[in-house]
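> Give me a model of this one.
(chains A and B)
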Amino acid sequence: MAEIRLQNLAHSYTSTPAGPEDYAIREMNHIWEQGGAYALLGPSGCGKSTLLNIISGLLSPSEGQVMFDSKVVNELTPEHRNIAQVFQFPVVYDTMTVFDNLAFPLRNQGMAEAKIHTKVQEIAEVLDLQSLLDKKARNLTADEKQKVSMGRGLVRDDVSAILFDEPLTVIDPHLKWKLRRKLKQIHEQFNITMVYVTHDQLEASTFADKIAVMYGGQIVQFGTPRELFERPSHTFVGYFIGSPGMNLIEVTAQPGGVGFASTHFPLSETLQRGIAQAEGKSLKVGIRPEFVHVWDGPYDDAMRADVVHVEDLGTYKILTLNLDGAPIKVRLAEDKPVPEGTAYISFPGQWLMVYADEYLLEPLSEVQP
Amino acid sequence: MNKVQNNKAWWLVLPVFLLVAFSAVIPMMTVVNYSVQDIFDQSSRYFVGADWYKQVLLDPRLHDSLLRQFIYSACVLLIEIPLGIAIALTMPTKGKWSSLVLIILAIPLLIPWNVVGTIWQIFGRADIGLMGSTLNAMGINYNYAANTMDAWVTVLVMDVWHWTSLVALLCYSGLRAIPDVYYQAARIDRASNWAVFRHIQLPKMKSVLLIAVMLRFMDSFMIYTEPFVLTGGGPGNATTFLSQTLTQMAIGQFDLGPAAAFSLVYFLIILLVSWLFYTAMTHSDANR
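Modelled structure (predicted):
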């Protein structure tokens, strides 16, 4: 059990990286605390598997340090880091029985056979594998195999952390839910640090207490699912989390706020100061479709938008609007009246985020000297 | 609706039927025909039943060469299979070296049998052969034409040189088909190198190894050209294997009856042993 600290970590697959675009992992500092359940969320190719392999030691980072409890482990091989990893596709030892598969990591450690027996039984019970223990691993179904793969990671209770690399890709949807709950249970039971890589936001938010969103080789935000939803600190997080993603509109600085075409968004003074400092950067405003307010009828302070399209998804409706040339998605509760032709909307100030060069502009309470 | 019966479609099978008849059944039945008759000329043929078979099965000369043949094939398998696996495991997997090694390994496989025999015949000669004269210069009394042991070792080394590449290449292809993630999982599980070989590489190589064992068994059991060129079966009968005995019988002595009976027995032995290998190696796959 350990806290995992990444210090000035960067990785490039080329030996002579010419620029930031050659890096699979751009320089980052990050801490996974002992006992946490974390998700590493991001699109394909964002570097999440690379980061995972660096933590487990399958890859050696080209720059920076990986530390387990303040001990630098860069030079340690996976077998010496004492870490468990479950891969995307199930890896079982075909010729062995399920019991022998689960016992394999323990036997490699030289544990006494009696103790192995109790440990394997314990894990088999947690994963519902008891009835399969005598079966050859090659005759299992894909999800049984993946459970065995997971079991080999979980059976060692002395591991520093368990890393999951999209472990539920090959699993049937109804079993996915079961296995995810199982993992959560195991986490609560054993209090092991777990890092779960996925590109599925639902999977991430049901498993993890805190989610790290990766984009272009960087962790762009690390927070609870709620934080990611309410205050995305990067436009990518806004776009990637939520369905549909955040509405993002390119704007320019205007006296008293920002705006585009003939639309103006007034902003607080603290934000205005932030914008003044961010001169030269590209500005965007963002608002979640859930937070756009739709008035029941014409209202003086509201903005007028044309209704382009209405999608009824059963439990809610998605409205596509045209606001001064910018497409706006709105999530409308099922019982709300659907505006026809023209909608009157407003963006509540607390949910309107301003981004400078894709990063969230924090309100500056004091004028910087 | 009544099903339309149209037996004319059977005619479509005819080409295959003819092909198999001419390529396998008819030549084979000719041999069967010879094996049950004593033929002097066109007009004097006598049916002898199983007499030739009895004679062949009781012939001590054939017993000796059958025993030699089994020992030889066993040695070939025991050396070439482990050696081939070992070579495959140490072969580089990427970069220019991997292609170079593949080419070097493929070279012996491209050389015709009688050329291989000739190469080793000259290579091993005590007077002008590099290996023969070197060994003798080192004080080892090496002479494959005179010493039984030397002849055996030379024939075996020649076969190993000629055919280990085949086993190595087959195993190499089997190893390349193992996804990286298996090795990664094994490292995470702290598996030793031996455990990786025993539980990952060997099981994944099993199907190619089956092919390698069968091919090497059948080929070595039928070996003719190389020992014939190298030692001519000598010294004495020390390296006279089954096919050479058969040739002597059929062409040297023109004993077509016994030779035909012997051919069929020979064929059945190969079939039986191949079947045994196949069953033994696939049997452990039985589901549990």
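> do the helix or strand hosting residue A:53 and chain B meet at all?
Per DSSP states H and E: residue A:53 is located in helix A:48-56. Yes. Using C-beta under 8 Å from any C-beta of the partner chain, helix A:48-56 comes into contact with chain B via residue A:56. Where you see a C-beta, it was placed from the backbone N, CA and C, and this is true even at glycine.
> Show me what that helix is packed up against.
If you count contacts as 3 or more C-beta pairs under 8 Å, 6 or more residues apart in numbering or on different chains; DSSP states H and E, helix A:48-56 packs onto strand A:4-12, strand A:23-32, strand A:37-41, strand A:161-165, strand A:193-198.
> between the ones you listed, which one is nearest to chain B?
Closest approach to chain B among the helices and strands packed on helix A:48-56 is made by strand A:161-165 (8.9 Å; C-beta to the nearest C-beta).
> Within its sheet, name the partner strands of the closest one and how each one runs.
Next to strand A:161-165 in the sheet, as set by DSSP bridges, lie strand A:84-86 (parallel), strand A:193-198 (parallel).
> Can you spell out the domain ranges of chain A, please?
As given by automatic domain parsing, the domain ranges for chain A are A:4-235, A:244-360.
> Next, the distance between the ends of the shortest one.
The one in question is domain A:244-360. Terminal residues of domain A:244-360 are spaced 19 Å apart (C-alpha to C-alpha, to the nearest Å).
> what mean pLDDT does the helix holding residue A:53 have?
Mean pLDDT, computed over helix A:48-56, is 88.
> Residues contacting the helix or strand following that helix, please?
Sequence-wise, the next helix or strand downstream of helix A:48-56 (DSSP H and E) is strand A:63-68. For strand A:63-68, the external contacting residues (C-beta atoms under 8 Å, 6 or more residues apart in numbering or on different chains) are A:2-11, A:27, A:54-55, A:57, A:72-74, A:81, A:160.
> mean confidence score for strand A:63-68?
pLDDT averaged over strand A:63-68 gives 87.
> in that strand, what counts as buried?
Going by neighbour count (16 or more other C-beta atoms under 10 Å in any protein chain shown), the buried part of strand A:63-68 is A:64, A:66-68.
> and which of those residues is nearest to residue B:41?
The closest of these to residue B:41 turns out to be residue A:66 (C-beta to C-beta; 90.1 Å).
> Can you pull up the most central residue in the chain?
Just going to use chain A. When chain A is reduced to its mean C-alpha position, the closest residue under C-alpha atoms, centre = their mean turns out to be residue A:41, at 2.5 Å.
> if you could check chain B rather than the one you did, that'd help
residue B:219 (1.7 Å).
> Quick one, grab the pLDDT at residue B:284.
pLDDT, read off for residue B:284, is 61.
> what does chain B put close to chain A?
Residues of chain B lying close to chain A (C-beta under 8 Å from any C-beta) are B:179, B:181-182, B:184-185, B:187-192, B:195, B:199-200, B:203-204, B:287-288.
> which among those residues end up buried?
B:181-182, B:184-185, B:187-191, B:195, B:199-200, B:203-204.
> Tell me which of these fall in strands.
Nothing among those maps onto strands, per DSSP state E.
> For the chain, just list every one of the helices.
Just so you know, I chose chain A. A:48-56, A:78-81, A:98-109, A:113-126, A:142-154, A:173-190, A:201-207, A:225-230, A:235-240, A:269-277 (DSSP state H).
> The intended chain is chain B.
With DSSP H as the criterion, chain B has helices at B:14-20, B:26-35, B:51-58, B:60-90, B:96-106, B:113-123, B:130-137, B:148-176, B:180-188, B:193-196, B:202-221, B:225-230, B:242-247, B:256-283.
> Out of these, flag the one nearest residue A:263.
Short answer: helix B:180-188, nearest of these by C-beta to C-beta, at 51.7 Å.
> Smallest gap between the stretch 151-300 of chain A and chain B, at which residue?
Residue of the stretch 151-300 of chain A nearest chain B, by C-beta to the nearest C-beta: residue A:152 (6.1 Å).
> what stretches of the stretch 1-150 of chain B score poorly on pLDDT?
B:1 (pLDDT under 70).
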